[in-house]
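J.: the following block contains a protein sequence and its predicted model.
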Amino acid sequence: TPPVGYTMGAWGLRQGRSTGVHRDLYARAVVLDDGRSRLALVSMDVCGIPAEIVNAVSARVERLTGIPPSHLLLNSTHNHTTPDFILGIPTELGVYAAIFAELVAGAVSEASNRLQPASIGFGQGALPGWTVNRQYRERPVDTAVGVMTINATGARPIARVVNFACHGVCDGGQYLEWSG
């Protein structure tokens, strides 16, 4: 979570500086290893991931864990109450972006250090009627939902990875608190 007082975003109605923290922002990582190769899936509470951040995170992850950039999947939650990196790193957020890369790599390193025997399962389905195209309501939307489950021995949950295309915007432009 960036410090309070940074600019919230440069587009649309969300103009101004953050006034507080409603919910902390996170980088969440899952590392998988089949004995031959290791890969990491990372979800970050930011709006966009510019090349500078991808490169910084990838290099740091490789140094900390040995996971090469080709085995690293970085995902932006595209949340409008997080830092706006869509068009690049705003000058004001340069120091935060440098620290951000370290924090994300640290999450991957921690997940890598916690490897344990596990089973993986997956499923898919659909959630029709859950989301709409807010700009072009007549156009189709992707309703597919994919879920990967990772369980330790004895079916104890380790992680759930969910894929659902959704532009989760439910706050107005006047809302100026960081929120994951």
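T.: Arrived safely. Numbers count the residues shown, from 1 in each chain.
J.: and the strands in this structure, which stretches?
T.: 20-23, 27-33, 38-44, 72-76, 118-126, 144-152, 157-164, 177-179 (DSSP state E).
J.: in space, what's closest to residue 163 - neighbours in sequence excluded?
T.: Nearest in space to residue 163, with sequence neighbours left out and distances taken as Cβ to Cβ, 6 or more residues apart in numbering, is residue 146 at 4.2 Å. The C-beta positions use only the backbone N, C-alpha and C, and glycine is treated the same way.
J.: err, residue 105, not the other one
T.: Closest to residue 105 by Cβ to Cβ, 6+ apart is residue 60, at 3.6 Å.
J.: also residue 157?
T.: Nearest one to residue 157, counting by Cβ to Cβ, 6+ apart, is residue 151 at 5.8 Å.
J.: got the contact list for that neighbour?
T.: 118, 119, 120, 121, 157, 158 (Cβ atoms under 8 Å, 6 or more residues apart in numbering).
J.: what is the nearest of those residues to residue 71?
T.: residue 120 (16.0 Å; Cβ to Cβ).
J.: which residues touch that closest one?
T.: Listed by Cβ under 8 Å, 6+ apart, the contact set of residue 120 reads 32, 148, 149, 150, 151.
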